[in-house]
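Chemist: Quick one, fold the following:
(chains A and B)
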Amino acid sequence: MANYLAQFQTIKSACPCMIVAVEDVSDIWPTVKSSFEQRLPFKKACLNNKTRNPVFLENLRAEFVLTTDARLRSRFPQEQYLFWFREPYATLVLATCEDLDEFKNILKPRLKVFAQNDEREWFIVFVSKAHPSNDQATKMAKKVYAKFEADFSSKKRERCCKFDIHGPEPNFWEELEFRIIESVKNTLDRRIQFYEDEIRKLSEQRFMPIWNFCNFFILKESLAFMFEIAQLHEDALREYDELELCYLETVNMGGIYREFGGLDRGDDQAALLNPGKKSLTQIVLDETFREFEFRQYLFACQSKLLFRLNRSFEVASRGHSFIISFSKSLQSNESMLPFCMREVWVITACLALIDATGTKYNGEDEAPEIVKEFYRVQGDLYSLCRTKLLRLAYLIGYGTEIERSPVNSASLSMLPWPRPAVWPSVPDEASSEVDVKEKMLQQESPRARHFGLQRKPLPLEPTVLVGEANRRRTSFSVGNASEIFYAGRIDDGLASNESSKQSPADKVQAIMMSRTYSSPGNFDCSIGRRPMRLAEIFVAAEYALKKTISNPDLQKILLSVESFEQKYMELTKGAADSYHHSWWKRYGVVLDGEIAAVCFKRGNFDLAAKSYEKVCALYAGERWEDLLAEVLPNLAECQKSLDDLAGYLTSCVRLLSLDKGLFSAKERQVFQSEVVSHAHSEMARHVHLDVSSLITFSGNPGPPMALCDGDPGTLSVTVWSGFPDDITLDSISLTLMATYNADEGGKLRNSSATCLKPGRNPITFPLPPQKPGSYVLGVLTGHVGHLTFRSHSFSRGGPADSDDFMSYEKPTRPILKVFKPRPLADLSAAISSALLINETQWVGIIAQPLKYSLKGAVLHIETGPGLMIEESHSIEMERYRNSAQGSADTANSGDAAKDCSSAANKHLEKLCLVNGKIDFPEWASDVSSILWIPIRAIDDKLARGSSSGGPDRQSVVDRMRTLALKLEFGISKNQIYERPVTLHFSDPFHVTTRIVDQCDDDTLLLQVTLHSQLNATLSVYDVCLDLQAGFIHAGKGNGRPISGSFPLIISPTSKVGLLFRLCSKKRSAEDENKVSPENILNIRYGISGDRTIGAHPPLAMKSNETGDTGRGLSFRSTLILQQPILNPCLAVGFLPLPSDCFRVGQLVTIKWRVERLKDNEEKRVPQNNDEMLYEINVNSDKWMLAGRKRGHVSLAMKQGSRIVISILCMPLVAGYIHPPRLGLPDVNEANISCRPAGCHMVCVLPPAPSSSFCISA
Amino acid sequence: MIVCVAVVGHQNNPLYIQSFTDADDALKLHHIVHCSLDVVDERVNNPKKSGPTLNETFLGLLYPTENYKVYGYLTNTKVKFILVTTDLDVRDADVRNFFRRFHAAYVDAVSNPFHVPGKKITSRTFADRVSTIVQSFGLSSAA
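Modeler: Presented below is the predicted three-dimensional model:
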C-alpha cells in the first residue's frame, strides 16, 4: 500500500473540491456550461456528517467535469475504491431531443445504461432548445420531456428536470441545485459507510502481524479528505485526531525500530503548519512512518482544518502542547539529531505558531474567557521561544548579556543542557575566534550593583557547562575523563559546598571563575586530548549551531549580540503583552521587569524605571519581599540616574523597610546614609517621604490622657524607628485627629532636634489646648534637612511589622480626651443674706474645686457700689467642711484629705489682698476652702419704721450688694471662673408702731415692735424715742418705754414690743427748733452671732472703739406719728326701707336720721344757728324726686338731738341701682359718721303688669 | 524531587516558602511560586473551567513546563499550597497525599496559640515536619 502513497498525495493535491460528472449525451455541454458553472459554488447545501446528522453548509465548492475528461477516465477499479473520494459525487446527464422517435431509438437506450448503474447518483437534465415563440416546438419538447419523466423518474425519486435554453423556468436552478445536492448527499453517505466499514475491518486486525499502519492511514486520511472536500471540517478533524491517537499508540508500543527522522536539511525549521512541506513518500520509510515528520504532518493537517473552522485559539493551544510533547520526543532522540536541533525546532515552531495564530485570530466573536486564554497561550509560546533562544545564546557565549534574574534562572537553570552524542569540538580554522572569545571573557566583569550590594548571581546553567561539555566529549573518547570529572567536581563544589563559607563577594568571583575556567597556555596537547575551555566550548557550539540552523533569519539573530538582544526584546515584549491580555498578570509584569533590565543596561532609564515600578508594585502589593529586594535596588538606581530624588529616596526607605534578613546591616546602613546625605544636600525642592513602613508610633498604653477643656498638657508618644542607625530629625511633629470629625484636629510640634535610635523612642510633645472631644494619633512628620518624613502607620506597641499589609486604618483607641467644658471650680457665698449693714462683716466665700486642682489659683475680688473691703484687715482662709458634704468629700478624695489633714489642722491662714487679688495657698488646691473677707455695706438712709399693717417695708433690693469674683486657675491660669456674689444686708431691726389706745386725756399709748432681722441673737440695751413736733412724752417721760427691763434679748426672727406713752401737744417755738422733724427710735443693742450663720458682731474697727463696741451698737429708725384725724360729730343713718323691693313707677319714701353726736365747740360753724344744709344726691335718669332736693333742716346743737329727713321718690328703671344719698355740704366729711350705713344698691322690679293688656282665655 | 513547597496566604502573600535545592537559588523558586498564583487565580475566578472539581481543594497541575511541574492546593480559607517538583512523572495520587499531609501540618502550625494568623510561619516544628513530608514524597509509589 505504501506504493500508493505518492499517488495518494498527487490525487489529493489534484482534487481540491467535489466533482459533479457531466454526461454530455447530446453534445450540448459547451452551450450550457457557462450558465451551469455560474451556479457554483452552491450557495446552500445540507449534507449528512459521519453520525448521519444533517449539517448545513454554505458555499459548497464543486466542479463540473465531463465524463470524457482525462481525470475521470482510465482508472483501475481497485484504485477507484481506494481513492473513492475523488470520484464524482453526482452524475448529471445532459440530453436533448426534438422528437419522440429520436428519443425512443437513440437516446433512451443510451440513458438506460446510466439508469442501470446503481453506483452512481445520476439525474437527467433535459435541455429544451425550443424557442418560446415556436409553439409547436415547445409542445413537442414538452411531450418529449414527459416521456423522459415517464421512463426515468419514479415515484420514489424524481430524476429529471427540464432546462429551457432560451429562458429557464424560474425555479429550474433551485431544482438543479437540489438534485445535485441530493445526489452528493447520497453518494457521500454511501462512501462514508464504505470507508467506515473498511476502517473497522482494519481496526479489528490491529493487533495482528499483518496489520499495516500505512493502509489504515490511507483509509483514514481518505475519509478525512473526503470530509474536507465536503466541507465537513469537524468530521475531518476528528478523523485526523483519531489517526494521531492511533499513531501515537503504535509509536509508544515500540518493538520495531523506527527511524525518528529529522535529519534532513531544513528539518530544524518546524513544519507544523505546512502539511505539504514533505511528501508522504519522504515521511514513510519501509512502511514505517517517521515520527519527526509524520507527527508534524498530522498537526499541520489538523491546524489547517482548525483555521478553516476559525479556531485559531485551538491551533495555538493544541500547538503549545504539541510543541511541549514533541520537544520531549526530540529530547529522547537528541543523540541522533544535530546539535541543539531541539532548541532550534522549538524556536521556529513557536515563532510559526505565534505568527499564524496571531494573524488569523480575531477574538471578536469569542467569549472573553477564550480571548484571555488565547493570549495566555500566545504568551506561553513567546516565553517558551524566549527560553530556548536564551539557551542558544548562552551556548555561544552571550551568557553575560543575559540578566540573571529569577525568571531567567527559573526557566534556564532547570532546563538540562543539550545532550548530543558528542559535544561539538572546535574546528581547526576557529582558533582565532577562540582567542577573541577568550579575551572577551577575561575582560568582562560583573556589573557593580548600586549601593554596593553583593549578591550571588542566580544560576542560568543547570550544571557547569565546562564539565558537561567535556563529559559529553569524553564519554565517547578515551583519555582524561578523570581529570575532567575532577574539574567538574571542583566547579560543583564551588557552587555548593563552599558557598556557605565564602562571603558573597568571593562567591561572585568564584562563579565568574568557574564560568570562564580560563587557563590559557597550560595545555600543550591538542584540543581533542585535553578538556575544552569555556571559550572553546562557545566557539564550538557556535559552529555546530551554524550547521544545525538552516533558517537564515535565525542565523542572523545569533550572529551578533545586538541582533540577539533585539530578538530577545521582541520575544519578551510579545510574551509580556500577551500575558497582560490574559489572566496571568504576574507573568506579564515580571517579564516587563526583564524588558526593564535591558533598558536599564542600555541606559534607557526612563523606560526601565517605569517597568521596574510596575514590578515592584506587584511584589510589594503581595509582600514578596525576597523578590522585591532583587528588583528594588535597580529601580533605585534608575531613579537616581533620572534625578528623581523623591522616587530614589522612597526606594531607599522601601529597601530599609524590607525584612531585615534580606540585607546585611552594612547594606542597610548604606541605604540610610543615602537618605540622610541627600536630605542635607542642596536639593532643589523639598521632598516628602512616606516612611510609614519604617517609622511607626503609638501612644502610651493605658487609658487616654484626659484633659479639661482649655488645658494644655504634654503628650508622650512612643516612636519606633526602623532605621539601622540613629537618625537625627531637626524637628518632629504629630497631628491629632478628632474622632468625631476627621477634619478637626491639632498639630503638636517638638521643634528641638530629636535623635531617633533604632527601636523604641519615647518622645514628648507639648500639647496646646484642644477642643473638647477624643483624639487619636494622626500623622507623624519629621524633618531632616530638606526632607520631610511622614508616617501614618500606627504600631501596636511593637516595631513596624513587615508581615502586615500596609493599613492606614486609624487606631481606634483614643490617645487624648478633652472633656467638654464643665464647671471646674465653684465660688459661692457661705452666707449671703442678712448681714449687718453699715458694719464691718465677714463674708465667707466658699471656693470649691470640682475634681480639678486649684493649685496656684488667684481670686480677683471687686466690690460693687455701696460695698467696700476693709483692707485694714487681712483675709482669712480656712478649710471648708460642709456637714452634708463632709463625709462624701473624704470618701471621694481620701488621699487629698490625708494630704490636707495637716492643712486642716491649721485652722486659719491669713492672706493679703494685693491689688484686689488673693493667691490661693498650696493646701487649698484640692479641698474646698472658705475665704473670709471683711466687708462693709454702706447705706446712708435711716431705717424707717412702719405703722402696724402698713406696707411700708423697705425694699430688699436696696440692701443688696454685689461682689464680683473671678478665679484664675489651671496649669497656666487658663481657666477662669467668674461669678458675682449677691449679698444681702439688713438692719438689725424692723420697727413697727401701733397706737394701742387713745385715752380720754389725749394720751396715746404707742406700741413699738422690734422685729429682729438677723439670724443672730440681739440684745437691746437701751431704747430711746425722740419725738417730732406735735408730740411729747406723757408724764415725765424721757423717751424711754413705759416699762423698761433692759437688756431685752431677742432671739433670731422674733420680735419684741415696747410701749411708749405720748400725747400730742403743741410745743413752743424754741422747742420746735430742738426737736427733730421725725420721730427717731434710738436703740443700743448688742449682737452675738456667728459669721458662719449670718450677722455677727462687727469687727473692731479701731482699737479705741473697742469700748464702744462693748457697750453695744446703735441703731436708729424713724417712726411716723400723726395726729388723730377722724372726729365724728354727726351720725347719719339710713332707715330701713319699707319693703324689700321697689317697682318702677312706685313711689317710695326714703328716710335718714341725723343725730348730733357731740358738742364740738371747736369745730362749730360760725353761723351759730340750728339750721343745717342737706342735699340729696341722686341720678336723675333713674330716680324721680318728689319734693325738695336741697334745703335746710333745723337740728339742735345739743348733743343727742336728732332729726329724720325723708324724701319721696320713684325709681324710673328696673334693676339694681344706687339709691339716693344724703349729703351734708356744710359738714366736713371727717365729722360725719355713717351709722348705720346706707345700702349700697337697691333692687327695682319692673312695673306691675297692667290688667288691661291681659285678656283671659 | 520536590524543589520547593510554599504556603501562600489568602492575600497572596507568602507565609512559608522552603526550597530543597542545594544551590543558592531560592529566588527563582520564589518566582515560580509567585507566578503560579496567576494560575490559581485563574482557576478560582473561572469556575467554569474547574467544572466538577469546584469544591475540591486540590487544584492539580497548575503549570506544566518542560522542566518542572507546579501543583496547587487551595484550602477553604483561601490559603494556597504550592509544590514545585522537577519530577516529570508524578502520580496525582502522590501529590494529593502530599498535600493532605501538608495541610494537616499547616493546620497544626496555625493552631499554635502563639501564631498570629496572616503572619509568616516561623515554627521550627512545622519546618521539620514539612521536610519529613517532602522527603517521604513519592516513596509509597516507589515501594
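Chemist: low pLDDT regions in chain B?
Modeler: The model of chain B has pLDDT under 70 over residues B:47-55, B:140-143.
Chemist: Mind jotting down where the strands sit in it?
Modeler: B:2-8, B:14-19, B:58-64, B:69-74, B:80-85 (DSSP state E).
Chemist: which strands and helices sit next to the last one?
Modeler: Judged by 3 or more CB pairs under 8 Å, 6 or more residues apart in numbering or on different chains; DSSP states H and E, the packing partners of strand B:80-85 are strand B:2-8, helix B:26-45, strand B:69-74, helix B:92-110. All C-beta atoms are positioned from the backbone trio N, CA, C, and that covers glycine.
Chemist: For B:L61, name its beta-bridge partners.
Modeler: Beta-bridge partners for B:L61, by DSSP bridges, are B:Y71.
Chemist: That one touches B:V70, doesn't it?
Modeler: Yes: the pair B:L61 and B:V70 qualifies as a contact (CB atoms under 8 Å) at a distance of 7.3 Å.
Chemist: More neighbours: which of these two?
Modeler: A direct count of neighbours by other CB atoms under 10 Å in any protein chain shown for B:L61 and B:V70 places B:V70 higher, at 22 against 13.
Chemist: got a list of what the more buried one touches?
Modeler: Residues in contact with B:V70 (CB atoms under 8 Å, 6 or more residues apart in numbering or on different chains) are B:I32, B:V33, B:S36, B:V39, B:L61, B:L62, B:Y63, B:I82, B:L83, B:V84.
Chemist: How much space separates it from B:V40?
Modeler: 10 Å (CB to CB, to the nearest Å).
Chemist: what is in contact with those two at once?
Modeler: B:L62, B:I82.
Chemist: Quick check, central residue of chain B?
Modeler: Nearest residue to the geometric centre of chain B (CA atoms, centre = their mean): B:I82, 2.4 Å.
Chemist: rewinding a little: please convert the strands of chain B to a markdown table, extending it with distance to A:L836.
Modeler: Shown next, in a markdown table, are the strands of chain B (distance: least, CB to CB, whole Å):
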| stretch | distance to A:L836 |
| --- | --- |
| strand B:2-8 | 91 |
| strand B:14-19 | 87 |
| strand B:58-64 | 100 |
| strand B:69-74 | 94 |
| strand B:80-85 | 93 |
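Chemist: Nearest to A:A617, out of these?
Modeler: Across the strands of chain B, A:A617 has its closest neighbour in strand B:14-19 (16.6 Å, CB to CB).
Chemist: that older thread, my guess is the residue nearest to the centre of chain B contacts B:D38, does it?
Modeler: No: B:I82 lies out of contact with B:D38 (CB under 8 Å); the separation is 11.6 Å.
Chemist: quick one on the thing from earlier: from A:L384, how far off is the residue nearest to the centre of chain B?
Modeler: 21 Å.
Chemist: likewise A:S411?
Modeler: Separation of A:S411 from A:L384 (CB to CB) stands at 9 Å.
Chemist: where does A:A609 fall, helix, sheet strand or coil?
Modeler: helix (DSSP: H, G, I helix; E, B strand; the rest coil).
Chemist: How many residues are close by it?
Modeler: For A:A609, using other CB under 10 Å, the count is 26.
Chemist: Ok, A:C1063 next?
Modeler: Neighbours of A:C1063 under the rule other CB under 10 Å: 17.
Chemist: sorry, back to before: so which of the helices and strands packed on strand B:80-85 comes closest to A:F564?
Modeler: helix B:26-45 (22.1 Å).
Chemist: How far off centre is that closest one?
Modeler: 10 Å (CA atoms, centre = their mean, to the nearest Å).
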